[in-house]
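Trainee: Give the three-dimensional model of this entry:
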Amino acid sequence: MRTFTNRLDGYQRRHRWLGMPLAVLYKFVEDQGTYQAALLTYYGFVSLFPLLLLLTTGLGFALHGNPRLQQQVLNSALGQFPVVGDQLGANIHSFHGNSFALAVGVLGSVYGALGIAQAAQNALNRIWAVPHYRRPNPLKGRLRSLILLAMLGVGVVLTSGLAALAATSHVFGVDISWAARIGAVALSVALNSALLMLTYRVLTARVLSRAQLWPEALAGAVVWQGLLAASTYSVSHTLRGATATYGMFAIVLGLLTWLYLGAMTFILCAQSATVRSRRLWPRNLLAPFTDDITLTGADKRAYTSYATTESYKPYEDIRVQFDQPPPPAAPEEEEPTGPTPAT
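Mentor: Numbers count the residues shown, from 1 in each chain. The predicted model follows:
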């Protein structure tokens, strides 16, 4: 068994296509990536419904003089949620143009968005092994988050506008060809890739170059576009005609799943960029499971970064030393199973 494991370990060390994803997976687990993604999902869910309220209220102000166009645009946006959209459309009319609803939507969205930015900031600083003393203090950290949110807001409006243009072009009497739709998707992927790279660079308290980030940023944007398409197809085909009660539960669970997959994509892309640029591979195949092995250079660099990340003061000196691994335990002698000789 150990011989087979050694052969598999040697194979993954020699082949990047297997060794690097394995190193990304190991670092993801060691950085508690599932908990980081869960925190991003929570704040994303908290901010989503206030954003819907903000959307409907904003339409009430912007298109106050054209209620027909306002209703068409709103129905197009809520049409992505067949069951919840109908309920929102039937019960949200009292908030159109309501200042109190606008204030609630803004406050809820800011709370959730700031939570996302802070959680992402902590996750990225941990992923890139930034010591605590080099991270911004709570005030500067939230100011950095607000600046990022302002920049992302412009990008989100552009990408959402591209999607809405293709979905609601019939409202304005314009028929967009399939080539134009494909071009809009490609442009949306490019914008999302730039936004993801900007997020990584602004929220990480370490100077990161474009070369360190662009492959993962592009991959993350493509995955995100796929998640959008899959969620739209699933909601429009699977839940069409569902009852309100069943549809509500299904939508909420599906929304949480979609947000969690998006958060996982965000974390995994950052992990991949770290492993690739800092040469944190190949790892020993058995490193997380046993101690009687010889660590690779990537193992030592990874474990050293975990220790130095916990430094809270610049004059706190943390040094990591690796001794020789302990020898494997000798197998225990089996007791004789035959009859006991007479004395």
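Trainee: can you list the domains in the protein?
Mentor: Taking automatic domain parsing as the criterion, the chain consists of the domains 39-277, 279-312.
Trainee: for stretch 11-20, how far is the first residue from the last?
Mentor: With C-alpha to C-alpha, to the nearest Å as the measure, stretch 11-20 spans 12 Å from end to end.
Trainee: Would you mark the buried spots in that stretch?
Mentor: 12-13, 19-20 (16 or more other C-beta atoms under 10 Å). (Each C-beta comes from the backbone N, C-alpha and C, glycine too.)
Trainee: quick one: which of these is nearest G44?
Mentor: M20 (28.4 Å; C-beta to C-beta).
Trainee: where's the closest one relative to R142, distance?
Mentor: 35 Å (C-beta to C-beta, to the nearest Å).
Trainee: One more: A186?
Mentor: Distance from A186 to R142, by C-beta to C-beta: 35 Å.
Trainee: Next: W258.
Mentor: 27 Å.
Trainee: circling back to that earlier point, return the member of the domains of the chain having the minimum mean pLDDT.
Mentor: Of all the domains of the chain, the minimum mean pLDDT falls on domain 39-277 (a mean of 73).
Trainee: In which helix or strand does R7 reside?
Mentor: helix 2-14 (DSSP states H and E).
Trainee: other SSEs contacting the very next helix or strand once past that helix?
Mentor: Helices and strands here follow DSSP H and E; after helix 2-14, the next one along the chain is helix 16-30. Here helix 16-30 touches helix 2-14, helix 244-277, helix 297-308, going by 3 or more C-beta pairs under 8 Å, 6 or more residues apart in numbering; DSSP states H and E.
Trainee: Between helix 297-308 and helix 16-30, find me the angle.
Mentor: Helix 16-30 and helix 297-308 are oriented at 20 degrees to each other (axes from the mean of the first three to the mean of the last three C-alpha atoms, to 10 degrees).
Trainee: In terms of neighbours, single out the busier of W258 and R142.
Mentor: W258 (18 against 15; other C-beta atoms under 10 Å).
Trainee: now the closest residue to L218 other than its chain neighbours: how far from I116?
Mentor: Of all residues not flanking L218 in the chain, S193 sits nearest, at 4.8 Å (C-beta to C-beta, 6 or more residues apart in numbering). From S193 across to I116, the span is 19 Å (C-beta to C-beta).
Trainee: Go ahead and confirm A117 touches L203.
Mentor: Yes - if you go by C-beta atoms under 8 Å, A117 and L203 touch, sitting 6.8 Å apart.
Trainee: Can you check which residues contact both of those two?
Mentor: Common neighbours of A117 and L203 (criterion: C-beta atoms under 8 Å, 6 or more residues apart in numbering): 144-145, 148.
Trainee: where's Q121, which helix or strand?
Mentor: Judged by DSSP H and E, Q121 forms part of helix 99-127.
Trainee: Can you give me the buried ones in that helix?
Mentor: Buried, per 16+ other C-beta under 10 Å, within helix 99-127: 101-102, 104-106, 108-109, 112-127.
Trainee: Now do the contacts for Y111.
Mentor: 46-47.
Trainee: same deal with the one 10 residues further on?
Mentor: The contact partners of Q121, by C-beta under 8 Å, 6+ apart, come to 141, 144-145, 203-204.
Trainee: Neighbours of N137, how many?
Mentor: 8.
Trainee: For L143, see how far away it is.
Mentor: Taking C-beta to C-beta as the measure, N137 and L143 are separated by 10 Å.
Trainee: Over to V275?
Mentor: 30 Å.
Trainee: These two: who's more crowded?
Mentor: Neighbour count, other C-beta under 10 Å: between V275 and L143, V275 has more, with 26 against 12.
Trainee: got the contact list for the residue nearest to L218?
Mentor: 214, 217-218, 220-221.
Trainee: buried subset of the residues you listed?
Mentor: The buried subset of these - by 16+ other C-beta under 10 Å - is 217-218, 220-221.
Trainee: In helices only, show me those.
Mentor: 217-218, 220-221 (DSSP state H).
Trainee: Adding distance to A263, write those residues out as JSON lines.
Mentor: Supplementary listing: these in JSON lines, determined by distance: C-beta to C-beta, whole Å:
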{"residue": "A217", "distance to A263": "16"}
{"residue": "L218", "distance to A263": "18"}
{"residue": "G220", "distance to A263": "11"}
{"residue": "A221", "distance to A263": "15"}
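Trainee: which among these gets closest to D31?
Mentor: Looking across those and measuring by C-beta to C-beta, the closest to D31 is G220, at 17.1 Å.
Trainee: wait, doesn't that closest one sit right on C269?
Mentor: Yes - with contact defined as C-beta under 8 Å, G220 reaches C269; the gap is 4.1 Å.
Trainee: Identify the contacts common to these two.
Mentor: In contact with both G220 and C269: L196, using C-beta under 8 Å, 6+ apart.
Trainee: Tell me, how many residues neighbour L25?
Mentor: Counted with other C-beta under 10 Å, residues neighbouring L25 total 16.
Trainee: so how far is A221 from it?
Mentor: L25 is 22 Å from A221, by C-beta to C-beta.
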